[in-house]
Structures are given as structure tokens and as C-alpha cells.
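S.K.: here is a sequence together with a model predicted from it:
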Amino acid sequence: YRALIFPLLIREGKPTPFFTFVLALLFCVYNGYLQGRSLSNYAEYPSGWLKDPRFIAGFIGWLTGMAINIHSDHILRNLRKPGESGYKIPRGGMFEYVSGANFFGEILEWFGFALACCTIESLAFALCTLFILGSRAKQHHQ
């Protein structure tokens, strides 16, 4: 979503340098490969894993985080009317509770994924997401 779909939905704004886009795309492809390989080649789950409370809670966390992330991005994309510029404070959705609702949603999404998968690789990515997006959220808040 973040690497492919979101950039196509942005109507206006600063153009993203091609090199930055390529690096982000490569990172997402590599992370997807690592997560997929971890799950398909190394992770072992008992037969009832899909009914396990950890999987269910993780799946709900992932789904909730994705919904928050997508809705928050929708709010951000529609902050300004065409031709308008300047800073605007987003309102609605999770922005009523946290100033970086899009970051919060993505962090929740990846921690939900980590809980559903219960692999060291998924936890490592969730922690990286927390540190990277957490610092960006703090910067945006200030």
C-alpha cells in the first residue's frame, strides 16, 4: 500500500525523487521477500493456529491498523482544496486522538502482523517500523 498504491492516489504536492521511490520500492520488495520466505520455509504452526488467540488478536490488530492507515491517508490527501497551499491540521478519524494517525495505523498494522505470525522476522520489522515511523510522527507532531 505505502510503496505502490498511496503514491498513485496523491493528487498534488511535492514530487518524489525517482531515486527515493526506487529505494522505497526495493526496501518493500526485499522485506516482502524476507517475510514470505520466513513464513513459507521456516515458520511452523500447529494445526489449530488460525483459531489461536494470538493469531486472532494479531489479525484484528493488522486489519484495524490497515483501516486506520488507509482512512488517515484519505484524510491527509483531502486536507486542501485544489490550488490551496499552507499547513492544515487534519481532523477526524484517529487524528482526534493522535497527531500522526497514519503512522499509528501503520505501526499497529505491523505489530498485529508480528503477533499473528509470531516470528522473529516479523517482530524485527515491526520494531523497525516503530522506530522509523515513531521518529517521523514525533517530528510531524512538533
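M.R.: The structure has been received and is ready for your questions. Numbers count the residues shown, from 1 in each chain.
S.K.: going forward, measure contacts and count neighbours with C-alpha atoms only.
M.R.: Fine.
S.K.: what's the neighbour count on Lys88?
M.R.: Neighbour count of Lys88, defined by other CA atoms under 10 Å: 9.
S.K.: the one 5 residues further on too?
M.R.: By the other CA under 10 Å criterion, the neighbourhood of Gly93 contains 13 residues.
S.K.: use 642 as the first number for this chain going forward.
M.R.: From this message on, residue numbering opens at 642, which makes the last subject Gly734.
S.K.: for Leu675, see how far away it is.
M.R.: 33 Å (CA to CA, to the nearest Å).
S.K.: please name the nearest non-neighbouring residue to Ile711.
M.R.: Of all residues not flanking Ile711 in the chain, Asn743 sits nearest, at 7.4 Å (CA to CA, 6 or more residues apart in numbering).
S.K.: for the one you found, what are its contacts?
M.R.: By CA atoms under 8 Å, 6 or more residues apart in numbering, Asn743 lies in contact with 709-714.
S.K.: between those residues, which is closest to Ile773?
M.R.: Closest approach between the contacts of Asn743 and Ile773, by CA to CA: Asn710, at 15.6 Å.
S.K.: give me the element the spatially most central residue of the chain is part of.
M.R.: With distances taken as CA atoms, centre = their mean, Glu747 lies nearest the centre of the chain, 2.7 Å away. Glu747 belongs to helix 742-758 when elements are defined using DSSP states H and E.
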